[in-house]
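Colleague: got a predicted model here, sequence first, then my questions.
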Amino acid sequence: MNPFVLALLLSSLGLGTTLTFASSHWLLAWMGLEINTLAIIPLMARHHHPRAVEATTKYFLTQATAAATILFASTTNAWLVGEWDILQLSHPLTTTITMLALALKIGLAPLHFWLPEVLQGLDLTTGLILSTWQKLGPFALILQVAPAINPTLLILIGLLSTLVGGWGGLNQTQLRKILAYSSIAHLGWMILIVQFAPLLTLLNLSLYLIMTSTAFLSFKMSAATNINTLALSWTKAPALATLTALVLLSLAGLPPLTGFMPKWLILQELTKQGLPLTATLMALSALLSLYFYLRLCYAMTLTTPPSTLATISPWRLSFTQVTLPLSLATLGTLTLLPLTPALQALLTP
């Protein structure tokens, strides 16, 4: 792709998200989401592969449907209430429709069916953008409208997302589909707590961005797209394979890694809110995700792929890759748990 076109598309991605962040009017927020969608579509289809074109078409249709629904809900709210302000979303009908449209935009269950298929058709770099940056705009809107939404709806969407994210990833062999179901499960944790502790949702989102970026960059560095190629990465880069296994365990939420922090704080907050049954179901659903992460770690570290002496060392010529972003993201993914008391003090109003 032409560097100037690439720079234009990436700057449009930033502009769309920033416009959604800065807007207090539904039309401006909708325009930001649309700029974001239109900017990423050429990035998704730039390889001209049938799978990439199919994924791009599915993504475009899904996002167009969600954007049209948001526009319909905001227009209905303006008709019923007389306000276009995002914070003035108050009618039960419009709040429910808006929440479902935003859930469709970011891939929350039960509106998640497009996400694994779309992510599977993309390369790892575009998949990274789709799994991280593209969540920010809709999440900014969810944080603003969450106080007006029925708590039961948010709890149901959160529980269903964590269960679907756990069950869906169990039988997958493709790493991008596993990361898609992982994204659904993590977003379920955030949606569940957004009404009780918005700052905790922001912390969870920040850590999710760090951990998911690390996973995508690690897989890109080792050129792995499924479990079989991931199992062969040990002979090419033992240190990277070890760190990738730890990153996957952090995504699973095992102590003493960073991923344990948001789960711990969310379960604590749910207990404080008098929802012990919900907290128990969430903790049990985390075990489903833990299973497929452990499956990846087992394939990477505890199995020896069939090989001869000629294939023990990689035959490819060595090449230089930019490892600074991966190094910083890995450091954050593995070592932030001791900062929990400080972050907890910041989150306490």
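Modeller: Cool, the structure landed.

Colleague: which stretches of this structure aren't confidently modelled?
Modeller: 304-322, 349 (pLDDT under 70).

Colleague: how is it divided into domains?
Modeller: For the chain, automatic domain parsing gives the domain ranges 1-144, 150-224+234-303+324-349.

Colleague: let me have those in TSV, extended by mean neighbour count.
Modeller: Just so you know, the C-beta spots here come from the backbone N, C-alpha and C atoms, and that holds for glycine as well. Shown next, in TSV, are the domains of the chain (neighbours: other C-beta atoms under 10 Å):
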stretch	mean neighbour count
domain 1-144	18
domain 150-224+234-303+324-349	19
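
Colleague: Leu205 sits in which helix or strand?
Modeller: For Leu205, the enclosing helix or strand under DSSP states H and E is helix 198-221.

Colleague: return the distance of that helix from the chain's centre.
Modeller: Mean-position distance between helix 198-221 and its chain equals 7 Å (C-alpha atoms, centre = their mean, to the nearest Å).

Colleague: likewise for stretch 37-45?
Modeller: Relative to its chain's centre, stretch 37-45 lies at 18 Å (C-alpha atoms, centre = their mean).

Colleague: let me see the residues that make contact with that stretch.
Modeller: Here stretch 37-45 makes contact (C-beta atoms under 8 Å, 6 or more residues apart in numbering) with 1, 5-6, 9-10, 12-13, 15-16, 52-53, 55-56, 59-60, 63-64, 67, 122, 126, 129-130, 134.

Colleague: 7 Å instead, please
Modeller: Stretch 37-45 has contacts (C-beta atoms under 7 Å, 6 or more residues apart in numbering) with 9, 12-13, 16, 52-53, 55-56, 59-60, 63, 67, 122, 126, 129-130, 134.

Colleague: show me those residues that map onto helices.
Modeller: Under the assignment DSSP state H, the contacts of stretch 37-45 contribute 9, 12-13, 16, 52-53, 55-56, 59-60, 63, 67, 126, 129-130 to helices.

Colleague: closest one to Glu117 out of those, please.
Modeller: Ala55 (6.8 Å; C-beta to C-beta).

Colleague: isn't the closest one up against Asp123?
Modeller: No - using C-beta atoms under 7 Å, Ala55 is not in contact with Asp123, being 10.3 Å away.

Colleague: what's the angle from the helix or strand that contains Ala180 to helix 198-221?
Modeller: In the assignment (DSSP H and E), Ala180 maps to helix 175-193. Here helix 175-193 points in a direction 170 degrees away from that of helix 198-221 (axes from the mean of the first three to the mean of the last three C-alpha atoms, to 10 degrees).

Colleague: show me what helix 175-193 is packed against.
Modeller: helix 114-120, helix 124-131, helix 151-168, helix 198-221, helix 260-272, helix 276-301 (3 or more C-beta pairs under 7 Å, 6 or more residues apart in numbering; DSSP states H and E).

Colleague: ok, back up a step: and the helix holding Leu205, what does it pack against?
Modeller: Judged by 3+ C-beta pairs under 7 Å, 6+ apart, helix 198-221 is in contact with helix 124-131, helix 136-145, helix 175-193, helix 238-252, helix 260-272, helix 324-335, helix 340-347.

Colleague: to Tyr291, which of these lies closest?
Modeller: helix 238-252 (8.8 Å).

Colleague: now tell me what touches the closest one from outside.
Modeller: Under the criterion C-beta under 7 Å, 6+ apart, residues 182, 211, 214-215, 218, 221-222, 233-234, 257-259, 289-290, 293, 296-297, 300-301, 330, 333-334 lie in contact with helix 238-252.

Colleague: how about 8 Å then?
Modeller: By C-beta under 8 Å, 6+ apart, the list of residues contacting helix 238-252 from outside reads 182, 186, 211-212, 214-215, 218-219, 221-222, 230, 233-234, 257-260, 286, 289-290, 293-294, 296-297, 300-301, 330, 333-334.

Colleague: same thing with stretch 112-123?
Modeller: 44, 47, 49, 51-52, 54-56, 58-59, 62, 107, 127, 130-131, 161, 164, 168, 174, 176-177, 179-181, 183-184.

Colleague: starting at the chain centroid, how far to that stretch?
Modeller: 12 Å.

Colleague: what about that stretch, how long is it end to end?
Modeller: 20 Å (C-alpha to C-alpha, to the nearest Å).

Colleague: what's the answer for stretch 72-88, then?
Modeller: Terminal residues of stretch 72-88 are spaced 16 Å apart (C-alpha to C-alpha).

Colleague: centre of the chain to it, how far?
Modeller: That offset, for stretch 72-88, works out to 29 Å (C-alpha atoms, centre = their mean).

Colleague: any idea how far Thr242 is from the residue nearest to Phe21 when sequence neighbours are not counted?
Modeller: Closest residue to Phe21 apart from its sequence neighbours, by C-beta to C-beta, 6 or more residues apart in numbering: Ala140 at 5.2 Å. Distance of Ala140 to Thr242, given as C-beta to C-beta, to the nearest Å: 36 Å.

Colleague: swap in Gln88?
Modeller: 52 Å.

Colleague: next: Met211.
Modeller: Here Met211 is placed at a distance of 17 Å from Thr242 (C-beta to C-beta).

Colleague: go on, Gly274?
Modeller: Per C-beta to C-beta, Gly274 is found 42 Å from Thr242.

Colleague: do Asn171 as well
Modeller: 26 Å.

Colleague: before we move on, what about Ser183?
Modeller: 24 Å.

Colleague: then Leu156?
Modeller: Following C-beta to C-beta, the distance that separates Leu156 from Thr242 is 39 Å.
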